[in-house]
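Chemist: sequence and computational prediction follow.
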Amino acid sequence: MSEFSVKLILTDIEGTTTSISFVKDVLFPYAKVHSKAYLEETWDSDETQHIVRDIKSCLPQYKEFFRVGNEEPNVSAGVIASFVNFLIDKDLKVGPLKNLQGLVWEKGYMSGKIKGHIYADVLPAFKRWHEAGIPIAIYSSGSVKAQKLLFGQTIYGDLLPYISGHYDTAVGYKQQKQSYENIAKDLNLPSEDVLFLTDVVKEAEAAREAGMQVVLLARPGNAPLTDDDKIAFTFVENFDNLKINLK
Ligand SMILES: CSCCC(=O)C(=O)COP(=O)(O)O
Ligand SMILES: [Mg+2]
């Protein structure tokens, strides 16, 4: 049992509270199938036009994707949807793609076709930490909207009452130290009072560089941790193996 003393728990989603296979085999395919129809239905809205503009410009190295021969760049819903599917296949965690995914998944969650996966130990741990007076916040590449959909409609019910804050890549990318400094500043907490839970070693390194306490999750299906990772960081297989006290 690994023991920590903290003022807030900050947790990642994919590979930490939730299986990677749920994201790859349920959420991403749903977004790939439904993005084109969503874009067509909402094409004239300010929200969609804003996202389309951001998607077109977020990765300048792919600008040729929108050009057919010498013609002006084509920005139909179909072309944007093809580009979105290309980005999903590459698992690129860029903000505008993640914002669109959240909007597309909404229908799936609201119709009951999608239920957010969380591991069996997550709800009991959230209850334990909540009862101990330790706030829980989320930091994921998934948009804040997508985070709320997932935790609001999980296979174990609504976990949102246990969550006091949500951060996405609007605060910065997850492998950058500055992002964790931004979160600690927003929380008005010294970073050493925050415990960050994640499956990704580079995120753990960035959070630690920013001064946070860190634990790596070795969930089934996650990328295996090397011997060096296991020496450098505390790692656990699930939340039952964490003893967290309020500082
Ligand atoms: C909460 S939305 C679904 C997950 C997602 O799209 C994603 O990119 C998850 O990344 P994470 O930072 O939670 O590992
Ligand atoms: Mg993750």
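Modeler: Arrived safely, thanks for sending. Numbers count the residues shown, from 1 in each chain. Ligands and ions are numbered 1, 2, ... in the order given.
Chemist: skip the chain neighbours and tell me the closest residue to the most centrally placed residue in the chain.
Modeler: Closest residue to the average C-alpha location of the chain: Ser140 at 2.6 Å, with C-alpha atoms, centre = their mean. Once flanking residues are discounted, Ser140 sits nearest to Ile13: 4.2 Å by C-beta to C-beta, 6 or more residues apart in numbering. Every residue, glycine included, has its C-beta placed from N, CA and C.
Chemist: from ligand 2, how far out is the one you found?
Modeler: 6 Å (C-beta to the ion, to the nearest Å).
Chemist: quick one: contacts for that residue?
Modeler: Residues near Ile13 by C-beta atoms under 8 Å, 6 or more residues apart in numbering: Ile138, Ser140, Gly142, Gln147, Leu150.
Chemist: all helices of this protein, in order?
Modeler: For the chain, applying DSSP state H gives helices covering 20-22, 28-42, 46-58, 77-89, 95-110, 122-131, 144-152, 177-187, 201-209, 227-232.
Chemist: want to throw those into a markdown table with distance to ligand 1 and mean neighbour count?
Modeler: Output for the helices of the chain, formatted as a markdown table (distance: least, C-beta to the nearest ligand atom, whole Å; neighbours: other C-beta atoms under 10 Å):
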| stretch | distance to ligand 1 | mean neighbour count |
| --- | --- | --- |
| helix 20-22 | 8 | 16 |
| helix 28-42 | 8 | 17 |
| helix 46-58 | 15 | 15 |
| helix 77-89 | 9 | 18 |
| helix 95-110 | 6 | 21 |
| helix 122-131 | 13 | 17 |
| helix 144-152 | 4 | 22 |
| helix 177-187 | 11 | 18 |
| helix 201-209 | 8 | 20 |
| helix 227-232 | 17 | 12 |
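Chemist: want to throw the ones you listed into TSV with distance to Lys243?
Modeler: Shown next, in TSV, are the helices of the chain (distance: least, C-beta to C-beta, whole Å):
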stretch	distance to Lys243
helix 20-22	26
helix 28-42	35
helix 46-58	41
helix 77-89	38
helix 95-110	33
helix 122-131	10
helix 144-152	23
helix 177-187	22
helix 201-209	19
helix 227-232	19
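Chemist: with mean pLDDT and distance to ligand 2 added, can I get the ones you listed in TSV?
Modeler: Output for the helices of the chain, formatted as TSV (pLDDT from 0 to 100; distance: least, C-beta to the ion, whole Å):
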stretch	mean pLDDT	distance to ligand 2
helix 20-22	97	8
helix 28-42	95	14
helix 46-58	87	20
helix 77-89	89	16
helix 95-110	93	13
helix 122-131	98	14
helix 144-152	97	12
helix 177-187	98	14
helix 201-209	98	7
helix 227-232	96	14
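Chemist: right, so of those, which gets closest to Leu246?
Modeler: Nearest to Leu246 among those is helix 122-131; the distance by C-beta to C-beta comes to 8.8 Å.
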